[in-house]
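Enquirer: Generate coordinates for the sequence data below:
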Amino acid sequence: MARILTEKDVEPAVRGGAVYAAGGGGWVDHGRKLGYAAVNAGAPELVSIDELGDDDWVATAAAIGAPASTTPWEMRGVDYVKAVQLLQEALGERVAALMIGQNGKSSTLNAWLPSAILGCKVLDAVGDMRAHPTGDMGAIGMAGKPDQSIQTAVGGNREQNRYIELVTRGATGRVSPILRTASDMSGGFIASARNPVRASYVAKNAALGGISKALELGHAIIAAEPKGPAAVLDAMLKTTGGAVLIEGEITEKNVVYTNEAFDVGTVTIGSGDKAVKLHVMNEYMAVEAADGTRLATFPDVITTLSPQMEPLSVGELRVGMRVHVLHVAKTLIPIGAGLLDPAIYAHPEKVMGINLTDYALEG
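Expert: Numbering: from 1, shown residues only. All right, here's what the predicted structure looks like:
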C-alpha cells in the first residue's frame, strides 16, 4: 500500500475531497496550494494502518473554522507544520503518522505538508469520510473520554495581528471548543494538530481507507470530464453508490456566521409542496421535504453540485442557482467510532434546532 504522493495525486485529492466536503471542507485553491507545496517540499508517503506499529503515535491534522469565506481568515502551509511541531514538543515523542479528521476540498490534504517537512507518514484513515462542523465528530471516539489529550492550533490574519499559537491539554470534549474560539479570534480558520493516540486505537476506531476513497473518486471525475457533465455525474454515482436526491433552483438562503466560527442556517431548493430544505452547520447536516419528512441526515454525504457538476460549498450558493443534491447513504461509507457517540450530536442539535441523533444512529 505504501506509496509516495506526487503531483498527479493533488488534483484527484482536491476533486474527490470536494464531493465529500458536503458543502464545507475548506477551499479548492487552499487544497491545491497545500498539495503542491507538499510534493515539492518533500516526499509525503501514504501508508495503511497495517504499516504502523501498534504503539506508534498517530495524531489528527485538521483545520478549524467556517468555510463560507465570510471572515478575514489567513492560513499558511507553515501553520499546519508548526501545529504538528508544537504537538510533538508537548507529547515529548515523535508522531509516526498523521490522519485527518475529515475529507474536504482542502481537508483531504491537511497532513501532506507536515509529512513532507517533518517525515511523518500520511495515514490512510479519516475520522469521518465527509466533512463535519465539530472536532468531536472526527475525534474517533475520544470526545466522550475523560483522558487528558493534547490539541494545538496555529494561524491567523497577520495584518490584523490575529496570529495565534495555542497548546492545550485536557479532555477532548472540553478542549475542542477552546480551539474553535481560537479559530474565530484568528479570523475564522486555523490549523490544528490534535489527539495523539496509539496506532492500535486508530485501527479499531477510525474510518480506514478514507483518503484512498477520495483519491479514487477524484480520478473517476477527472477521467469523465472530457465527456461532459452528465458523464461526470455518472462517474460520481458509480464510484460512490449515491443518487441525486433533487435537482432544482435555490429559492431561499438564510445562513449566518456565528461567534463559535460556524455558518448556520438553511438553504431551500424549489417551492411549495415540492420544496426541499437543507440544514446547514458549516456543512449540510440534513435534508427535509416540505412536509417535514427527513430525506437525508449526517453522516450521510450530502453535496450540492452545479449544472457543470462542480461541488459547491455553502458560501458559493446564491438564490436563483440551479443545483443537484447528491446523496450517499451512511451505509455506503466507512464510519469512524466518533460518529457512534450520541453525545457528539447534542451541540449541533441545539444550534440547528433539529434532531440528528435518532437518524444518525439508526441502524
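Enquirer: residues near the residue lying closest to residue 273 once chain neighbours are set aside, how many?
Expert: In this structure, residue 273 finds its nearest non-sequential neighbour in residue 290, 5.0 Å apart by CB to CB, 6 or more residues apart in numbering. Every C-beta, even on glycine, is put in place using the N, C-alpha and C of the backbone. Using other CB atoms under 10 Å, residue 290 has 14 neighbouring residues.
Enquirer: Which residues are in contact with residue 290?
Expert: Each residue near residue 290 by CB atoms under 8 Å, 6 or more residues apart in numbering is listed here: 272, 273, 274, 275, 276, 277.
Enquirer: how about the helices in this structure?
Expert: Along the chain, the stretches classed as helices by DSSP state H are 7-20, 28-41, 77-91, 112-118, 172-186, 199-205, 210-224, 229-240, 346-352, 357-360.
Enquirer: Can you say which of the contacts of residue 290 are buried?
Expert: Among the contacts of residue 290, those that count as buried by neighbour count (16 or more other CB atoms under 10 Å) are 275, 276, 277.
Enquirer: wouldn't the second one be in contact with residue 245 here?
Expert: Spelled out, it's residue 276. Yes: the criterion here is CB atoms under 8 Å, and residue 276 meets it with residue 245 at 7.5 Å.
Enquirer: hey, what's in contact with both of those two?
Expert: Between them, residue 276 and residue 245 share the neighbouring residues 287, 295, 325, with contact defined by CB under 8 Å, 6+ apart.
Enquirer: Identify the single longest strand in the chain, thanks.
Expert: Among the segments of the chain that qualify as a strand by DSSP state E, the longest is strand 243-257.
Enquirer: Direction included, what does that one pair up with?
Expert: The strands that strand 243-257 pairs with in its sheet are strand 263-269 (antiparallel), strand 322-328 (antiparallel) (by DSSP bridges).
Enquirer: pull the CA atoms of it into CSV?
Expert: The C-alpha trace of strand 243-257 is given here as CSV (Å, rounded to 0.1, in the frame of the first residue of the first chain):
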residue,chain,number,x,y,z
ALA,A,243,-28.1,9.0,-6.0
VAL,A,244,-29.4,12.5,-6.9
LEU,A,245,-31.9,13.5,-4.2
ILE,A,246,-33.3,16.6,-6.0
GLU,A,247,-32.5,18.9,-8.9
GLY,A,248,-33.9,22.4,-8.8
GLU,A,249,-33.5,26.2,-8.2
ILE,A,250,-32.4,27.7,-4.9
THR,A,251,-35.3,29.9,-3.8
GLU,A,252,-34.1,30.9,-0.4
LYS,A,253,-30.8,31.1,1.6
ASN,A,254,-30.6,32.0,5.3
VAL,A,255,-27.1,31.3,6.6
VAL,A,256,-25.2,33.4,9.1
TYR,A,257,-21.8,33.3,10.7
